[in-house]
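give me a 3D structure for the following:
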Amino acid sequence: MAKVQRSVRVVNAAGLHARPCHQLASAALAGRSEVRVRCEDREADCKSILELMTLAAPQGSVLEFSAEGADAEAVVERLSQVVAAGFGEPS
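Numbering: from 1, shown residues only. The predicted structure is shown next:
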């Protein structure tokens with residue numbers, strides 16, 4: 001089973017709030033792999049909006065994605081693109 005890790009910096013001005021958490025959870029739920037995300041000393045299940053919100057990651061924070069499963073590479077790539085695009089919000 002493939003395990004993939006990648007770090008991405010939060011670029012949008014508002015950081016990780018409800019809408020970006022929804023986007024991340026939706027992207028993670030589209031895959032079959034188990035996905036965790038870490039920010040500093042906090043970690044969350046990437047498929048849970050509520051857990052993602054506990055990260056409270058402001059602009060400039062680094063999110064560390066870790067996925068394990070058959071489609072781990074694709075899921076991490078999709079999550080990384082969502083973050084790098086600033087969740088479609090202003091930087």
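
switch to C-alpha atoms for all contacts and neighbour counts from now on
Noted.

let me see the mean pLDDT of the helix or strand residue 25 falls within.
Following DSSP states H and E, one finds residue 25 within helix 18-29. The average pLDDT for helix 18-29 rounds to 98.

helices and strands around that helix, which ones?
Judged by 3 or more CA pairs under 8 Å, 6 or more residues apart in numbering; DSSP states H and E, helix 18-29 is in contact with helix 49-53, helix 72-84.

residue 23: how many residues sit nearby?
18 (other CA atoms under 10 Å).

that one reaches residue 87, doesn't it?
Yes. Using CA atoms under 8 Å, residue 23 is in contact with residue 87, at 7.4 Å.

if we can go back for a sec, adding mean pLDDT, write the helices and strands packed on helix 18-29 out as TSV.
Below are the helices and strands packed on helix 18-29 laid out as TSV (pLDDT from 0 to 100):
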stretch	mean pLDDT
helix 49-53	97
helix 72-84	97
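
take these and write them to JSON lines, including mean neighbour count and distance to residue 13.
JSON lines is the format used below for those (neighbours: other CA atoms under 10 Å; distance: least, CA to CA, whole Å):
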{"stretch": "helix 49-53", "mean neighbour count": "19", "distance to residue 13": "16"}
{"stretch": "helix 72-84", "mean neighbour count": "19", "distance to residue 13": "12"}
